[in-house]
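Colleague: give me the fold of what follows.
(chains A and B)
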Amino acid sequence: MADDIWILGIHMTKFGKHTDKDTVDLAAEAVHGAVADAGVTMADIGVLAAGNLMNASAGFGQQLQKQIGQTGIPVYNVANACATGATALRTAIMAVKAGEVDMGLAVGVEKLAGAGLLGGGGQAKSDGKEWTPKGRFGAVAPTDGRIGTDTMPGVFAQIGMEYGHRYGGVDFELFAKISEKNHAHSTLNPLAAYQKRFTLEEIMGDMMIAYPNTRPMCSANCDGAAAAIVTNGATLKKLSLEQRRRAVKVAASVLTTDPYEEACQVLPNVNTLTRNAAQQAYEQAGVGPADLDLVELHDCFATAELVHYDNLGLCEEGGAADFFNSGAPWRDGATPVNVSGGLQSKGHPISATGIANIWEVCHHLRGEAGDRQIEGAKVGLAHVIGLGSACGVHVLEKAAA
Amino acid sequence: MSEQIPLVDYLVLGDGPHLVANECSTCGASYFDRRNACASCFGTDFHRVDVATEGTVNTFTIVAFAAPGIPVPFVSAVVDCDGTPVRGNLINVEPDPDHVSTGMKVRLATYPLGTDDNGVEAIGFGFEPTS
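Modeller: You can find the predicted model right below:
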């Protein structure tokens, strides 16, 4: 039987606007934090998985090594949209699990403050001299805005509205209430980009981006980094009692893509790959949704959070609206969801997100979450979606020691 | 009448404008783009099939904020055309939640995008309410 995988050290930077730090500075801060948290040095690390989208072709991991330690270990520069951080972590875990290294480091970082709208446009406006069919659709002009929308707020709005069409009981106000919850949760998180509570009226009355998502219902573009050090059980046994006590068990680590289904190439299907990832993760971990003390899920938009209650099995199929209305996902509810404030309020520096959500869960499992501690938390789940699509799900358990 | 070109190659112009899909000859999965193989069964043989011009709105959003140069607001939707999901804008309808809803019946409609230097007019498509 394969050895257990443990998170030995983990760190996230403050999310927000870091005008005085570049991408490598932020990543270095996260790595130094993780290394100190783990009680190791860069000399102990056997592999580095580095996630960054904005400089994906620039050899970011090697740039980072040049500032924190060039030990000659292999670097995997990974990119998987919003699942990049989880992909980096999963890469480090696979290397440790394969027995090639005893310790792996994963880092995700993004500088996104002020980035504005993501996903749309991109092509130059081609209305001009001659209509010329281009690309896989033989389009003579950009299709974004002419044949539906490519913007993230719009795509995820449709994903939420489709759920409402299928199951009912869903309206603008329900989505806004989900956002109200996450912004309220963020007031207890000093590392969140925004820590401001909004009233429901403020959320619904704010600038509409893509109905039903208003501005506070969209993930906050910001700067930030997170890093984690993973190891195996055999290595952990040789470490100090304090290191063993604070280590968090990775009970499941899963990455999926979307299997072919009717319509999945028309509107991205973020549901099936999440359901598949959750199912595999629960099997690996030997736990079920009812065992989870907290969940950090990918609320890139308020409309996305709703569908993932269902996809992660937190409610019965079609029951996401009832689940929310019962109060369950509030921090004092049966299954607290996004007690960090989520992407809408904590912020979403894309490649950092898939490690930062693990940090949040670890923080609670270690009993170190301060004012926002979920008391007695023993098991938690972290989920991310990268559109296109990739889904990462990790189940984490408090150390027995 | 001047020469016309469709916005995308899966829009067929003429007396009865309609969309065509590339249907996998093995498993029946349908696609609107140029294919290398079928994502469902990996087959490589496709044939073109006409898509129904009437359908039901499965989901929509009203985009109020888009990339520069894209007129807003507009309604983006996925329409179920007799079993084939189609992505498109809802047109000839007020872009607000009082006039657009999931489940509404719509039909294909075309509109001019503009004319190039050769006098060729590009034609786009959308879906408009049937009533």
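
Colleague: which intervals of chain A have sub-threshold pLDDT?
Modeller: For chain A, the stretches flagged by pLDDT under 70 are A:1-2, A:120-128, A:401.

Colleague: and the strands in it?
Modeller: For chain A, the strands defined by DSSP state E occupy A:5-12, A:47-51, A:75-78, A:103-110, A:208-211, A:213-214, A:224-232, A:248-257, A:294-296, A:379-386, A:390-398.

Colleague: likewise for chain B?
Modeller: Remark: strands assigned in chain B by DSSP E are B:4-6, B:11-12, B:18-24, B:30-31, B:46-51, B:54-63, B:74-81, B:84-90, B:105-115, B:121-129.

Colleague: any chance of the strands of chain A in a markdown table, plus distance to B:Val79 and mean neighbour count?
Modeller: All C-beta atoms are positioned from the backbone trio N, CA, C, and that covers glycine. What follows is the strands of chain A, written out as a markdown table (distance: least, CB to CB, whole Å; neighbours: other CB atoms under 10 Å in any protein chain shown):
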| stretch | distance to B:Val79 | mean neighbour count |
| --- | --- | --- |
| strand A:5-12 | 42 | 26 |
| strand A:47-51 | 37 | 28 |
| strand A:75-78 | 37 | 21 |
| strand A:103-110 | 35 | 31 |
| strand A:208-211 | 17 | 25 |
| strand A:213-214 | 21 | 27 |
| strand A:224-232 | 39 | 31 |
| strand A:248-257 | 26 | 22 |
| strand A:294-296 | 34 | 25 |
| strand A:379-386 | 24 | 28 |
| strand A:390-398 | 27 | 27 |
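
Colleague: enumerate every residue touching A:Arg166.
Modeller: Applying CB atoms under 8 Å, 6 or more residues apart in numbering or on different chains to A:Arg166 gives the contacts A:Gly318.

Colleague: nope, B:Asn36 is what I was after
Modeller: For B:Asn36, the contact set (CB under 8 Å, 6+ apart) comprises B:Thr44.

Colleague: circling back: to A:Asn276, which of the strands of chain A lies closest?
Modeller: Closest approach to A:Asn276 among the strands of chain A is made by strand A:248-257 (5.0 Å; CB to CB).

Colleague: ok, the closest one near chain B or not?
Modeller: No. Counting by CB under 8 Å from any CB of the partner chain, chain B has no neighbours in strand A:248-257; the shortest distance is 11.1 Å.

Colleague: that strand packs against which elements?
Modeller: For strand A:248-257, the contact count by 3 or more CB pairs under 8 Å, 6 or more residues apart in numbering or on different chains; DSSP states H and E identifies strand A:5-12, helix A:84-97, helix A:272-285, helix A:350-365, strand A:390-398 as packing neighbours.

Colleague: would a markdown table of these with distance to A:Leu117 be doable?
Modeller: Formatted as a markdown table, these follow (distance: least, CB to CB, whole Å):
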| stretch | distance to A:Leu117 |
| --- | --- |
| strand A:5-12 | 25 |
| helix A:84-97 | 19 |
| helix A:272-285 | 24 |
| helix A:350-365 | 14 |
| strand A:390-398 | 22 |
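
Colleague: quick one, which of the ones you listed is packed in tightest?
Modeller: Among the helices and strands packed on strand A:248-257, helix A:350-365 has the highest mean neighbour count (mean count of other CB atoms under 10 Å in any protein chain shown), at a mean of 30.

Colleague: between that one and strand A:248-257, how big is the angle?
Modeller: 150 degrees (axes from the mean of the first three to the mean of the last three CA atoms, to 10 degrees).

Colleague: do you know how far A:Thr214 is from A:Gln65?
Modeller: 42 Å (CB to CB, to the nearest Å).

Colleague: that older thread, possible to save the helices and strands packed on strand A:248-257 as TSV with distance to chain B?
Modeller: What follows is those, written out as TSV (distance: least, CB to the nearest CB, whole Å):
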stretch	distance to chain B
strand A:5-12	29
helix A:84-97	21
helix A:272-285	13
helix A:350-365	18
strand A:390-398	16
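
Colleague: can you list the weak-confidence ranges in chain B?
Modeller: For chain B, applying pLDDT under 70 flags the ranges B:1.

Colleague: hey, what's the residue nearest the centre of it bridged with?
Modeller: Geometric centre of chain B, nearest residue: B:Gly88, 4.4 Å, by CA atoms, centre = their mean. In this entry, B:Gly88 is beta-bridged to B:Ala77, by DSSP bridges.

Colleague: contacting residues for it?
Modeller: Going by CB under 8 Å, 6+ apart, B:Gly88 touches A:Ile147, A:Gly148, B:Ala77, B:Val79, B:Phe125, B:Gly126, B:Phe127.

Colleague: farthest pair within these?
Modeller: Once CB to CB is applied, these give B:Ala77 and B:Phe125 as the farthest pair, at 12.3 Å.

Colleague: compare those two (neighbour count), which wins?
Modeller: More crowded of B:Ala77 and B:Phe125, by other CB atoms under 10 Å in any protein chain shown: B:Ala77, with 28 against 25.

Colleague: need the nearest residue in space to A:Arg146, chain neighbours excluded.
Modeller: Using CB to CB, 6 or more residues apart in numbering or on different chains and skipping residues adjacent in sequence, the residue nearest A:Arg146 is B:Gly124, 5.5 Å away.

Colleague: check contacts around the one you found.
Modeller: Going by CB under 8 Å, 6+ apart, B:Gly124 touches A:Ala141, A:Arg146, A:Ile147, B:Leu7, B:Leu11, B:Thr110, B:Tyr111, B:Pro112, B:Leu113.

Colleague: bridging residues for it?
Modeller: B:Gly124 forms beta bridges with B:Tyr111, as assigned by DSSP bridges.

Colleague: sorry, back to before: for B:His18, state which of the contacts of B:Gly88 is nearest.
Modeller: Each of those was checked against B:His18 using CB to CB; the closest is B:Phe125, at 9.1 Å.

Colleague: give the contact list for the nearest residue to B:Asp9 once chain neighbours are set aside.
Modeller: Residue nearest to B:Asp9 in three dimensions, not counting chain neighbours: A:Gly138, with 3.0 Å by CB to CB, 6+ apart. By CB under 8 Å, 6+ apart, the contact set of A:Gly138 is B:Val8, B:Asp9, B:Tyr10, B:Arg34.

Colleague: again, only using 10 Å
Modeller: Applying CB atoms under 10 Å, 6 or more residues apart in numbering or on different chains, we find A:Gly138 in contact with A:Thr132, B:Ile5, B:Pro6, B:Leu7, B:Val8, B:Asp9, B:Tyr10, B:Leu11, B:Phe32, B:Asp33, B:Arg34.

Colleague: do the same with A:Ala220
Modeller: Going by CB under 10 Å, 6+ apart, A:Ala220 touches A:15-16, A:112-113, A:186, A:192-194, A:341-349.

Colleague: how far away is it from A:Ala377?
Modeller: 25 Å.

Colleague: what of A:Ile68?
Modeller: Counting by CB to CB, the gap from A:Ile68 to A:Ala377 is 31 Å.

Colleague: repeat that for A:Phe301.
Modeller: Per CB to CB, A:Phe301 is found 26 Å from A:Ala377.

Colleague: A:His11 now?
Modeller: 19 Å.

Colleague: ditto for A:Gln67
Modeller: Distance from A:Gln67 to A:Ala377, by CB to CB: 35 Å.

Colleague: what do you get for A:Gly386?
Modeller: As judged by CB to CB, A:Gly386 and A:Ala377 stand 27 Å apart.

Colleague: again, but for A:Leu365
Modeller: According to CB to CB, A:Leu365 and A:Ala377 sit 6 Å apart.

Colleague: joint contacts of those two?
Modeller: Listed as contacting both A:Leu365 and A:Ala377 by CB under 10 Å, 6+ apart are A:Asp293, A:Leu294, A:Leu396, A:Lys398.

Colleague: contacting residues for the second one?
Modeller: When you say that, I think you mean A:Leu294. By CB under 10 Å, 6+ apart, A:Leu294 lies in contact with A:329, A:331, A:335-340, A:360-361, A:363-365, A:369, A:374, A:377-382, A:396.
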